[in-house]
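> sequence and computational prediction follow.
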Amino acid sequence: MKDYGAYEPVIGLEVHAQMLTSSKAFCGCSTKFGSQPNTNVCPICLGLPGSLPVLNVNLVEFILRMGLALHCRIAPRSVFARKNYFYPDLPKGYQISQYEEPICTGGYVEIDVEGEGRKKIGITRIHMEEDAGKSIHDADASTLVDVNRCGVPLIEIVSEPDIRSPREASLYLNRVRQMVTYLGICDGNMEEGSLRCDANVSVRRKGEVELGTKTEVKNMNSFRHVERALAYEIDRQTGLIADGGKVVQETLLWDADQNIAVPMRSKEEAHDYRYFPDPDLAPVFVDEPWIKRVETSLPELPVPRRDRFIEQLGLPQYDADILTSEKGIADYFEAVLAGLPGWPGQTHGVPAKTVSNWVMTEVLRVVGEQKITVKEFPILPARLAALIALIQDGTVSGSLAKEVFARMLVTRDEPRTIVEQGGLAQVSDAGAIEEAAEMVLNANAPQIDKFLAGNVKIFGFFVGETMKLMKGKGNPKLVNDVLKQKLEARRR
């Protein structure tokens with residue numbers, strides 16, 4: 001983490017997550033991404049006279065999931081407010097949000113900071129709101145407005161100013177993305193705008209309690225952009241103060257092409273938006289039975305799941321981090337484990353690590369190359385488990401198993417069927433291995449002399465030649481054992 005000398009950054013993030021509801025927050029219009037402009041609209045979206053909003057109950061359900069997962073206090077009564085401002089993509093002239101009485105307050109997000117261990121980032125509030133439309137600036141300097149996004153349901157997650165570096169900000173945002181995807185309430189796609197992040201940034205002298213003047217940085221649509229934008233703004237503010245200048249409170253837009261943050265407007269305060277309770281929407285009441293029902297429906301979350309993989313399955317932290325980075329990956333990994341013969345009665349560390357290696361190297365390699373999700377991966381967990389079982393019982397070697405894996409991707413057949421039809425079974429017949437080893441040794445007398453003279457590294461040459469002669473089907477352990485015996489016999 002970069003040392004800023006006499007100064008320290010103070011960062012708070014505002015994360016907007018689009019909810020995976022099929023209809024909008026206050027009407028029945030579709031939330032589908034990529035529709036033709038201005039097709040998913042109705043009088044309620046546009047705020048036409050006489051139209052009345054009706055709350056989508058799934059929005060409440062989803063925010064309760066997030067609030068409970070982040071250990072928030074759930075308000076028994078919360079109120080919608082109108083946030084008033086003028087912008088071309090906001091046809092109503094106000095945005096329905098929550099202000100004085102949000103539904104979730106308090107709570108925290110846990111991140112793992114290198115060299116410091118686990119750190120809690122406080123949550124100020126999580127509230128419900130609707131999205132605005134989208135302004136598209138055309139090449140001929142005109143501005144086009146698409147109101148499809150107007151009314152799309154969002155939750156805004158506002159952190160405490162507990163973040164102290166761009167790296168921590170990226171870790172926090174990544175954890176929030178993990179949480180919303182694990183909970184099934186948001187797809188976490190930053191490129192499509194399903195997850196958006198604004199940052200409030202200030203710097204102060206180390207040891208000071210009072211916060212400095214903050215700026216707000218917008219338009220960061222990737223984890224890399226978040227780190228770069230914050231690093232730029234912290235350096236700018238630090239240099240400005242060190243030179244005797246003052247930071248001006250303003251909103252900045254991150255320009256990823258030029259790697260600079262450019263001023264957009266002076267920073268608004270809450271009073272600038274003239275918040276007042278929405279007269280068309282009743283308060284939201286949440287009782288204990290509802291909270292309990294949502295709480296019991298929550299899945300195992302990424303941090304406790306990762307800890308369990310380390311403590312109960314004996315996995316290295318690196319493996320556990322990758323496997324729990326997405327719920328689909330963790331689910332697939334555990335499904336493969338469950339399909340192993342005798343699991344969980346086996347020694348946990350060995351089969352769990354073996355499965356981890358296959359998932360992290362072979363499965364995720366294919367997922368990345370084909371640009372698919374783990375749910376779309378063609379080899380079912382039970383079939384990968386069956387393949388690993390064939391390695392464990394000596395039917396196939398590790399190298400042949402990769403060939404079987406490649407064929408499974410194409411044929412979708414059971415691994416044993418592929419092994420039998422392709423003649424890929426591992427040869428464990430001692431006589432056949434001894435015959436192949438003897439042929440290799442007889443053809444390589446100079447290499448034998450080098451080995452007997454003390455060049456033990458050349459032993460790998462004999463193993464490779466023997467496996468090549470057996471077309472990769474020799475049992476590696478038996479091949480090693482036979483070659484050692486025959487070479488020792490020649491030493492005598």
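It's in.
> outline the domain layout of this structure.
7-290, 308-418, 430-491 (automatic domain parsing).
> from the chain's centre, how far out does the shortest one sit?
Using CA atoms, centre = their mean, to the nearest Å, we find the averaged C-alpha position of domain 430-491 to lie 47 Å away from the chain's own average C-alpha position.
> make TSV from the domains of the chain and add distance to Leu298 to it.
Where you see a C-beta, it was placed from the backbone N, CA and C, and this is true even at glycine. As requested, these are exported to TSV (distance: least, CB to CB, whole Å):
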stretch	distance to Leu298
domain 7-290	6
domain 308-418	12
domain 430-491	45
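> which of these has the lowest average pLDDT?
Out of the domains of the chain, domain 430-491 stands lowest, with a mean of 79 (criterion: mean pLDDT).
> which non-adjacent residue is nearest Ile123?
Closest residue to Ile123 apart from its sequence neighbours, by CB to CB, 6 or more residues apart in numbering: Gly107 at 4.0 Å.
> wait, isn't the one you found in contact with Ile121?
No - in this structure, Gly107 is not within contact of Ile121 by CB atoms under 8 Å, at 9.8 Å.
> and Tyr332, which of the three is it?
helix (DSSP: H, G, I helix; E, B strand; the rest coil).
> please name whichever of the domains of the chain is nearest to Leu301.
domain 7-290 (5.9 Å; CB to CB).
> which helix of this structure spans the most residues?
Counting residues, the longest helix found in the chain (DSSP state H) is helix 223-242.
> for stretch 331-345, the distance to its chain's centre please.
23 Å.
> mind saving the C-alpha coords of it as CSV?
Extracted C-alpha coordinates of stretch 331-345, given in CSV (Å, rounded to 0.1, in the frame of the first residue of the first chain):
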residue,chain,number,x,y,z
ASP,A,331,-21.1,-24.7,-5.8
TYR,A,332,-19.4,-26.7,-8.7
PHE,A,333,-16.4,-27.5,-6.5
GLU,A,334,-18.5,-28.8,-3.7
ALA,A,335,-20.7,-30.8,-6.0
VAL,A,336,-17.6,-32.5,-7.4
LEU,A,337,-16.5,-33.3,-3.9
ALA,A,338,-19.9,-34.8,-3.1
GLY,A,339,-19.6,-37.1,-6.1
LEU,A,340,-16.3,-38.7,-5.0
PRO,A,341,-16.6,-42.3,-3.8
GLY,A,342,-16.5,-42.4,-0.1
TRP,A,343,-16.7,-38.7,0.5
PRO,A,344,-16.6,-37.3,3.1
GLY,A,345,-15.1,-40.3,4.9
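> buried set for that stretch?
Asp331, Tyr332, Phe333, Glu334, Val336, Leu337, Gly339, Leu340, Trp343 (16 or more other CB atoms under 10 Å).
> how about stretch 221-232?
Neighbour counts over stretch 221-232 (16+ other CB under 10 Å) mark Asn221, Phe223, His225, Val226, Glu227, Arg228, Ala229, Leu230, Ala231, Tyr232 as buried.
> same check, this time on stretch 132-142
Ala132, Gly133.
> just the C-alphas of it, formatted as CSV.
Taking Å, rounded to 0.1, in the frame of the first residue of the first chain, the C-alpha atoms of stretch 132-142 are listed here in CSV:
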residue,chain,number,x,y,z
ALA,A,132,-32.6,7.6,-14.0
GLY,A,133,-32.5,7.3,-17.8
LYS,A,134,-29.5,7.5,-20.0
SER,A,135,-28.1,10.4,-22.0
ILE,A,136,-26.2,9.4,-25.2
HIS,A,137,-24.0,12.1,-26.6
ASP,A,138,-23.9,11.7,-30.4
ALA,A,139,-21.0,12.4,-32.8
ASP,A,140,-22.7,15.5,-34.1
ALA,A,141,-22.8,17.1,-30.6
SER,A,142,-26.5,16.4,-30.0
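> which residues does it contact?
Contact with stretch 132-142 is made by 87-91, 95, 143-150, as judged by CB atoms under 8 Å, 6 or more residues apart in numbering.
> buried ones only from those residues, please, as a PyMOL command.
Provided next is the PyMOL selection string for whichever of these are buried by 16+ other CB under 10 Å:
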select buried, resi 89+90+91+95+145+146+147+148+149+150
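> show me the contacts of stretch 132-142 that map onto strands.
Secondary structure from DSSP state E places Gln95, Thr143, Leu144, Val145, Asp146 of the contacts of stretch 132-142 in strands.
> buried set for stretch 49-65?
Applying a neighbour-count criterion of 16+ other CB under 10 Å, the buried positions in stretch 49-65 are Pro53, Leu55, Asn56, Asn58, Leu59, Val60, Glu61, Phe62, Ile63, Leu64, Arg65.
> what is the host helix or strand of Ser356 packed up against?
Applying DSSP states H and E as the criterion places Ser356 in helix 349-358. In terms of contacts (3 or more CB pairs under 8 Å, 6 or more residues apart in numbering; DSSP states H and E), helix 349-358 is packed against helix 317-323, helix 327-338, helix 381-392.
> adding distance to Glu210, write those helices out as JSON lines.
Listed next are the helices and strands packed on helix 349-358 as JSON lines, based on distance: least, CB to CB, whole Å:
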{"stretch": "helix 317-323", "distance to Glu210": "37"}
{"stretch": "helix 327-338", "distance to Glu210": "41"}
{"stretch": "helix 381-392", "distance to Glu210": "54"}
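> make sure Lys83 is actually in contact with Lys92.
No - contact criterion CB under 8 Å: Lys83 and Lys92 do not qualify, at 10.5 Å.
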